[in-house]
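1. I'll drop the sequence and a predicted model, then ask my questions.
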Amino acid sequence: MIRPILGLVACAVMAAPALAQDPLPSETFGVKEAIDPGPNVIVYQESLSGPGSLVVLGADDLAMKGTMPSGSFGTMLVDPAGKVAYSLSTFLKRYAYGPMETVLQIYDVATLTVKSEVVLPPKGVMALSYAALLQQSADGKFVFAQNATPASSITVVDVAAGAVAQEIPTPGCWGIYPTATGSGFTTICGDGSLMTYALSADGKTATETTGTDIFDPDEDPVFATTARSEAGIVMVTFKGDVVIASDADGTPKKVDRFSMTAGVEGGWVPGGYNLVTYSSGLKRLFVLMHSGGYDGSHKNPSEEVWTVDLEKKAVVGRTPLAGALSITAAPGDKPVLYTLMADIKLIRHEVDVAGGYATKVAGELPLVDLPFLATATP
């Protein structure tokens with residue numbers, strides 16, 4: 001009895017007339033000449049199994065605008081206008097072994113394209129994306145790239161010429177902190193000193209000066225991540241002090257030091273990767289902090305973000321913020337912070353200046369690869 005019924009159903013289906021369908025609408029595909037205008041936040045994503053990328057997002061809504069490819073184990077730099085980005089990347093022919101090439105990629109942000117490249121000596125640092133590893137001089141003439149062979153040195157790239165100007169040995173020192181004006185930079189040294197280098201007009205020679213006794217590397221070392229305020233280079237120590245050094249006259253010197261944590265219970269200390277940022281518009285320093293600090297917790301994600309008034313030498317705000325590894329302030333006087341989180345996402349925070357600098361989540365975006373560095377543009 002079952003077979004005839006199935007056979008009748010099959011025959012009925014086969015005999016049914018085909019239904020008429022409207023033709024599918026035609027589609028036109030194209031490529032936008034440029035991304036949508038407006039401020040951006042650019043995130044460097046590091047893939048430990050292949051090339052990284054620079055992700056360009058709308059600063060207000062975190063809308064995806066596009067990506068720009070980089071090499072492996074790179075970092076990035078964005079010019080103050082937000083129009084040009086740079087990446088220090090290593091290209092590995094076989095990834096695990098064999099030949100490699102160090103390249104400074106120069107991107108046009110508006111079109112998301114690599115507009116030029118400069119091949120560098122094969123010494124570029126292969127590290128997570130710390131801001132201090134790739135910087136530009138204040139006058140825009142030179143880009144400075146950190147080297148590690150493991151000896152430390154700085155490659156100076158003449159931007160206009162698109163060529164390497166020189167390599168500056170910086171033994172025992174690490175990080176690049178451009179002077180507020182001109183073509184110079186300062187670096188932090190393992191003996192507690194700072195070295196400042198003043199470059200010639202063509203970038204091919206440099207003179208150096210040393211500032212000693214800036215900090216005690218044995219008692220309380222400083223993080224390589226810094227900020228620059230009107231007073232100079234702002235460093236934070238592993239135990240929670242703020243150290244400010246000025247290189248304005250060409251010779252670095254300590255101009256201030258105070259504690260963020262004196263009298264605060266709970267063993268609070270700074271921690272993270274790019275863990276400090278300074279808002280020149282708000283005149284405030286923001287620091288990622290965690291409690292129960294111990295030797296080795298300096299990369300732990302945050303539990304709070306602290307707001308510091310450098311003139312008053314005081315913490316003026318503490319806000320719960322769990323899981324942040326890096327932080328950056330929006331340019332100008334816009335009360336906005338961006339944090340990169342340990343669970344691989346970007347969060348946009350609005351800052352209530354009148355309410356003790358409390359932060360409110362105003363948007364978030366999951367990311368694909370490890371993010372440690374973000375830059376907000378005008």
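-> Cool, got the structure.
2. what does the strand or helix carrying residue 188 rub up against?
-> In this structure, residue 188 sits in strand 185-189 according to DSSP states H and E. With contact meaning Cβ atoms under 8 Å, 6 or more residues apart in numbering, strand 185-189 is reached by 135, 137, 144, 154, 170, 172-179, 194-197, 222, 224, 226, 233, 235, 245, 247, 252. Where you see a C-beta, it was placed from the backbone N, CA and C, and this is true even at glycine.
3. and that strand, which strands flank it?
-> In the sheet, strand 185-189 lines up against strand 173-178 (antiparallel), strand 194-199 (antiparallel) (DSSP bridges).
4. tell me how far stretch 365-372 is from the chain's mean position?
-> 12 Å (Cα atoms, centre = their mean, to the nearest Å).
5. looking at the closest residue to residue 231 other than its chain neighbours now. What's its pLDDT?
-> In space, residue 231 comes closest to residue 244 once its chain neighbours are excluded; the distance is 5.1 Å by Cβ to Cβ, 6 or more residues apart in numbering. Listed pLDDT for residue 244 reads 98.
6. buried subset of the contacts of strand 185-189 as a ChimeraX selection?
-> Here is the ChimeraX command that picks out the buried ones among those, judged by 16 or more other Cβ atoms under 10 Å:
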select :135,137,144,154,170,173,174,175,176,177,178,179,194,195,196,197,222,224,226,233,235,245,247,252
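7. what sits against the closest residue in space to residue 359 that isn't next to it in sequence?
-> Spatial nearest neighbour of residue 359, chain neighbours left out: residue 349 (4.0 Å); criterion: Cβ to Cβ, 6+ apart. With contact taken as Cβ under 8 Å, 6+ apart, residue 349 is in contact with 321, 336, 337, 338, 339, 359, 360, 361, 362.
8. name the helix or strand for the fifth one, please.
-> To tie it back to what came earlier, the one meant is residue 339. strand 336-341.
9. and that strand, what does it pack against?
-> If you count contacts as 3 or more Cβ pairs under 8 Å, 6 or more residues apart in numbering; DSSP states H and E, strand 336-341 packs onto strand 324-329, strand 345-352, strand 370-376.
10. please identify the deepest-packed of the ones you listed.
-> Stretch with highest mean neighbour count among those: strand 324-329 (a mean of 26; mean count of other Cβ atoms under 10 Å).
11. residues in contact with it: which ones?
-> 41, 272-279, 282, 286, 288, 299, 301-302, 305, 336-342, 347, 371-376.
12. select only the buried ones of those residues in ChimeraX?
-> Only the buried entries of those go into this ChimeraX selection, using 16+ other Cβ under 10 Å:
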select :41,272,273,274,275,276,277,278,279,282,286,288,301,302,305,336,337,338,339,340,341,347,371,372,373,374,375,376
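13. just for this structure, where's the confidence low?
-> For the chain, residues meeting the criterion pLDDT under 70 lie at 1-20.
14. the nearest residue to residue 168 once chain neighbours are set aside sits in which helix or strand?
-> Using Cβ to Cβ, 6+ apart and skipping the chain neighbours, the partner closest in space to residue 168 is residue 154 (4.6 Å). Using DSSP H and E, residue 154 sits in strand 152-158.
15. what strands flank that strand, and is each parallel or antiparallel?
-> strand 142-148 (antiparallel), strand 163-169 (antiparallel).
16. gap between the first one and the chain center?
-> When you say that, I think you mean strand 142-148. 15 Å.
17. what's the answer for stretch 146-155, then?
-> Centroid separation between stretch 146-155 and its chain, computed with Cα atoms, centre = their mean, is 19 Å.
18. list the contacts of that stretch.
-> Contacts of stretch 146-155 (Cβ under 8 Å, 6+ apart): 88, 120-121, 123-127, 132-134, 144-145, 164, 166-176, 185, 187, 197.
19. related to what we said a few turns ago, how far off strand 324-329 does the strand holding residue 339 point, in degrees?
-> With axes from the mean of the first three to the mean of the last three Cα atoms, to 10 degrees defining the directions, strand 336-341 sits at 160 degrees from strand 324-329.
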